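Colleague: Sharing a model that was predicted from the sequence below.
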Amino acid sequence: MMSEENLKRINEVISHYFDANTAVDWIPAKSIMPALIEAGIFTKDEKKGLPIRKVLRKLDQEASLSKIPTVHAERRSESVYWYFVREGKAYTPKEVINPISKKEQHILTIQNNDEFYLVNLCDELLRQKASRKHTFDTLVGNLHKRGKGRTKIPLDAYYEDLKLVIEFSRKNKVVDALDEKEQARIVQIKRYSQLKKKAIQKKSLELIEIDYASFECDATNKLIRNTEQDTLVLRGLLKDFLKH
């Protein structure tokens, strides 16, 4: 544990910082690391303020944060964000720290995309839950760069009981207007689309291809999401599979 003498020196460095920066009422703990290194309290910084964070965590565990009176702990979810606040002032965050984990953010991104939205509507119409991003062992892509292994190609929505596959696409892109990398991507998508059709045919499944342009879109080709109208469009496309 850090000595009482060094804790006293940390308090002095913080006090000097606020004396020299009169317009600042609070700072993230990591921002004072250069001054702490210059004072010889730490030899170097690691991971944007880890040395001082370790000290604060230890004091927190020992219920001794009062030894650094200016410290403020912003506790969010499972994380603690450390700040130093000028004496007599309050910590007022400029923005809310997002407590959502990367995994949760990834799930939200998926759930907010147009494909997820349309499959939800299809599920309601068909009264079944699709297997999303379904794969078959026989439906695989190109060899990996090292020449070993192939990645399975996912299908957008597979309804096993109905023997139905639904694929979504945007077919209104002008290939000539795309750069070389984007054109290569379009070529790969077309090739994979053909592989999907062959695999679906071999398994005696029905395929319905749905273009996003069938629905009302904004200037960026994203769906407006008029649920009532979108459901009507899907009802027409899926009419042969609907239960009456």
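Modeller: Cool, the structure landed.

Colleague: From Leu223, how far off is the residue lying closest to Tyr212 once chain neighbours are set aside?
Modeller: Spatial nearest neighbour of Tyr212, excluding adjacent residues (C-beta to C-beta, 6 or more residues apart in numbering): Arg170 at 5.0 Å. C-beta: built from backbone N, CA, C; applies to glycine. As for Arg170, its distance to Leu223 is 11 Å (criterion: C-beta to C-beta, to the nearest Å).

Colleague: OK, contacts around Asp154?
Modeller: Small correction: residue 154 is Pro, not Asp. 133-135 (C-beta atoms under 8 Å, 6 or more residues apart in numbering).

Colleague: Give me the subset of the residues you listed lying in strands.
Modeller: Among the contacts of Pro154, the members falling in strands (DSSP state E) are 133-134.

Colleague: What segments of the protein are strands?
Modeller: 26-28, 71-76, 79-85, 131-134, 140-143, 150-152, 155-159, 164-169, 206-211.

Colleague: What segments of the protein are helices?
Modeller: 4-20, 33-38, 50-61, 102-111, 114-126, 180-202, 227-237 (DSSP state H).

Colleague: Quick check: which of those helices is nearest to Cys217?
Modeller: Closest approach to Cys217 among the helices of the chain (C-beta to C-beta): helix 114-126, 8.8 Å.

Colleague: out of the contacts of Pro154, which are buried?
Modeller: In these, burial by neighbour count holds for His134, counting by 16 or more other C-beta atoms under 10 Å.

Colleague: Return the member of the contacts of Pro154 nearest to Glu209.
Modeller: His134 (15.7 Å).

Colleague: for that closest one, what are its contacts?
Modeller: If you count contacts by C-beta under 8 Å, 6+ apart, then His134 has 154-155, 157-158 around it.
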